[in-house]
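Peer 1: I would like to see how this sequence folds:
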Amino acid sequence: MTAASATARNCHRRRPRRFWADRNGATAVEFGLVAAPFLALLVGIIQTFLVFFANQLLETVVAQSSRLILTGQVQNANMTQTQFAQQVCDQVRILFTCSNLMIDVETYTAFSSANTAMPTLSFNAQGQVTNTWQYNPGGPGQIVVVRVMYQWPVFLGPLGFTLSNLSNGNRLIMASAAFQNEPL
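Peer 2: Residues are numbered from 1 along each chain as shown. Presented below is the predicted three-dimensional model:
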């Protein structure tokens, strides 16, 4: 056995050890393993924040708009459903498409019979909501429930994360206010 062949044989034995000991590219491989869950978490956090932020904005606007009914300003101005919807829309235009807002204003005889639940939406073949919404701001002393709903678009995130609660892939967010109108 010559010295050259012994060196070549030792070199072949050391290559697997050298390969496993070599740390070049380890960071890229580690990032590749962590990237998908990290991005899924990031998308989930952003999407959840947007849904909560939109819902909080809707809650604030419903509280402010309901006050117009509570104090009799809507009734005194003979505000129509379209005018009340415009009043609500002016406050949420920053995040919402006004034509997609669904506003339901109903009166009840008692708080126990008031419907504040999230409605079941029905859709036509084009995917548009076909529900009919009421508009009755009531009179002095009457119990009123104001519900404002919106289909918030959500997208399927990595690893199957989704916040949708509707069959069309959107999330129905809703804010409501139940109160008794002030007497005259």
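
Peer 1: for the chain, which helix is longest?
Peer 2: helix 26-70 (DSSP state H).

Peer 1: which secondary structure elements does that one contact?
Peer 2: In terms of contacts (3 or more C-beta pairs under 8 Å, 6 or more residues apart in numbering; DSSP states H and E), helix 26-70 is packed against helix 81-92, strand 143-153, strand 170-180. No exception for glycine: its C-beta is placed from N, CA and C like everyone else's.

Peer 1: Contacts made by the last one with the rest, please.
Peer 2: Applying C-beta atoms under 8 Å, 6 or more residues apart in numbering, the set of residues contacting strand 170-180 from outside is 51, 54-55, 58-59, 61-63, 66, 69-70, 111, 114, 116, 118, 121, 141-154, 163-166.

Peer 1: Give me the distance from that strand to the chain's centre.
Peer 2: Relative to its chain's centre, strand 170-180 lies at 13 Å (C-alpha atoms, centre = their mean, to the nearest Å).

Peer 1: same check, this time on the longest one
Peer 2: Offset of helix 81-92 from its chain centre (C-alpha atoms, centre = their mean): 21 Å.

Peer 1: State the mean pLDDT of it.
Peer 2: Helix 81-92 comes out with an average pLDDT of 93.

Peer 1: Equivalent analysis for stretch 64-74, please.
Peer 2: On average, stretch 64-74 scores 94.

Peer 1: buried ones in that stretch?
Peer 2: 65-66, 68-70, 72, 74 (16 or more other C-beta atoms under 10 Å).

Peer 1: Dump those residues into JSON lines; add distance to residue 28 as well.
Peer 2: Shown next, in JSON lines, are the buried residues of stretch 64-74 (distance: C-beta to C-beta, whole Å):
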{"residue": "65", "distance to residue 28": "54"}
{"residue": "66", "distance to residue 28": "56"}
{"residue": "68", "distance to residue 28": "59"}
{"residue": "69", "distance to residue 28": "61"}
{"residue": "70", "distance to residue 28": "61"}
{"residue": "72", "distance to residue 28": "67"}
{"residue": "74", "distance to residue 28": "62"}
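
Peer 1: Which pair in those has the greatest spatial separation?
Peer 2: Spanning the widest gap among the buried residues of stretch 64-74 are 65 and 72, at 13.9 Å by C-beta to C-beta.

Peer 1: Pick out the residue nearest the middle of the chain.
Peer 2: residue 51 (2.9 Å; C-alpha atoms, centre = their mean).

Peer 1: contacting residues for that one?
Peer 2: With contact taken as C-beta under 8 Å, 6+ apart, residue 51 is in contact with 152, 154, 163, 171, 173.

Peer 1: Among those, which one lies nearest to residue 40?
Peer 2: So of the contacts of residue 51, ranked by how close each gets to residue 40 (C-beta to C-beta), first place is residue 163, at 13.3 Å.

Peer 1: Does that closest one touch residue 49 like I think?
Peer 2: No - contact criterion C-beta atoms under 8 Å: residue 163 and residue 49 do not qualify, at 10.9 Å.
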